[in-house]
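**Student:** what follows is a predicted structure for the sequence shown.
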Amino acid sequence: MAKTSEVNITVTLDDNHVPETIAWTATDTDIKERASKAMVMAFWDEKEKNTMRMDLWTKDMTIDEMKQFVHQTFVTLTDTFERATSEDQMTLAMRDFCDFFAEKMNLKAPEGN
């Protein structure tokens, strides 16, 4: 029998429809209403051959946090691309861009690196 898992996202909006809080729960983990300041979600629409996406961030997310979030998203997408395609040359180019972005945004390397 196939296992089913759900991820639920709750977004609280202010009177102007700007996100105030974002929280998510995953049914097959211990994660319950985990707070988050930003999210990026993308779905591949097979029929339309197009990406549908949703990106939200709360009004209290700082610009520095957004820079770090975007950088980490680039790094994660690079890892995903590498695992899915084994395109070594493009992966190297994408990692170079991630390094360039981090340098231009004055981002510090995470502790332990």
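**Tutor:** Good, I have the coordinates.
**Student:** give me the domain ranges for the chain.
**Tutor:** Per automatic domain parsing, the domain ranges recorded for the chain read 1-58, 62-113.
**Student:** present those domains as a markdown table; the columns should include mean neighbour count and mean pLDDT.
**Tutor:** Backbone N, C-alpha and C define where each C-beta goes, glycine included. Shown next, in a markdown table, are those (neighbours: other CB atoms under 10 Å; pLDDT from 0 to 100):
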| stretch | mean neighbour count | mean pLDDT |
| --- | --- | --- |
| domain 1-58 | 11 | 95 |
| domain 62-113 | 12 | 93 |
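**Student:** just the helices in this structure please.
**Tutor:** Assigned by DSSP state H, the helices in the chain fall at 63-85, 88-104.
**Student:** residues touching the closest residue to Ala102 other than its chain neighbours, list them.
**Tutor:** Excluding the flanking residues, the one nearest Ala102 by CB to CB, 6 or more residues apart in numbering is His71, at 5.5 Å. Contacts here follow CB atoms under 8 Å, 6 or more residues apart in numbering; on that basis His71 touches 98, 101-102, 105, 107.
**Student:** for His71, give its distance to Asn106.
**Tutor:** 11 Å (CB to CB, to the nearest Å).
**Student:** what's the answer for Thr4, then?
**Tutor:** Counting by CB to CB, the gap from Thr4 to Asn106 is 44 Å.
**Student:** I'd assumed Ser36 was in contact with Phe69.
**Tutor:** No: here Phe69 lies out of contact with Ser36, judged by CB atoms under 8 Å, at a distance of 9.9 Å.
**Student:** for Met66, give its distance to Thr78.
**Tutor:** On the measure of CB to CB, Met66 and Thr78 end up 19 Å apart.
**Student:** and which of the contacts of His71 is nearest to Ala42?
**Tutor:** Among those, Cys98 lies closest to Ala42 (CB to CB), at 18.0 Å.
**Student:** nearest to Pro19, of the helices of the chain?
**Tutor:** Per CB to CB, nearest to Pro19 of those: helix 63-85, 13.1 Å.
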